[in-house]
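> Have a look at this fold, sequence not included:
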């Protein structure tokens, strides 16, 4: 998967301590494919579950569901604007109000 992280998003994500990782999980109860990810969870580093994998980009570890790449057509840009993360690819903006939560 090709994940691009803008400088604004990198600056914000680099605030996360080294002993943590970023989890991107879908809200399976949502019926709106565009807005199925509402928050970035910051969790303690751990092993993946059988339905998860780790994608590393820009020296950041993202733990994602197995079908994460398909949902975003194997291309995702993570931006940061107006105090929220923005998920988009070349075709559309998926969600422009993604928050971050430390678990």
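Received, thanks. As the structure is a computational prediction, the values presented were derived from the model and not from experiment.
> Could you use CA atoms for every contact and neighbour count after this?
Will do.
> which secondary structure element contains residue 23?
Element membership of residue 23 [criterion: DSSP states H and E] is strand 20-24.
> what residues does the helix or strand following that strand touch?
Using DSSP H and E, the helix or strand that follows strand 20-24 towards the C-terminus is strand 39-44. Contacts with strand 39-44, where a contact means C-alpha atoms under 8 Å, 6 or more residues apart in numbering, come from 16, 19-25, 98-103.
> Mean confidence (pLDDT) on strand 39-44, please.
Here strand 39-44 scores 93 as its mean pLDDT.
> Buried residues of that strand, list them for me.
Buried positions in strand 39-44, judged by neighbour count with 16 or more other C-alpha atoms under 10 Å: 39-43.
> What of stretch 64-81?
64-65, 68-69, 72, 75-80.
> and if you look at stretch 90-103?
Of the residues in stretch 90-103, 94-98, 100 count as buried by neighbour count, 16+ other C-alpha under 10 Å.
> can you list contacts of that stretch?
Around stretch 90-103, the neighbours that count as contacts under C-alpha under 8 Å, 6+ apart are 34-35, 37-43, 75, 83-88.
> Dump the buried residues of strand 39-44 to CSV, plus distance to residue 49.
Below are those laid out as CSV (distance: C-alpha to C-alpha, whole Å):
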residue, distance to residue 49
39, 20
40, 18
41, 16
42, 16
43, 14
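> among these, which two are most distant?
For these, the farthest-apart pair by C-alpha to C-alpha is 39 and 43; their separation is 12.3 Å.
> ok, longest helix in the protein?
Longest helix of the chain, by residue count under DSSP state H: helix 7-13.
> Show me what it is packed against.
strand 75-81 (3 or more C-alpha pairs under 8 Å, 6 or more residues apart in numbering; DSSP states H and E).
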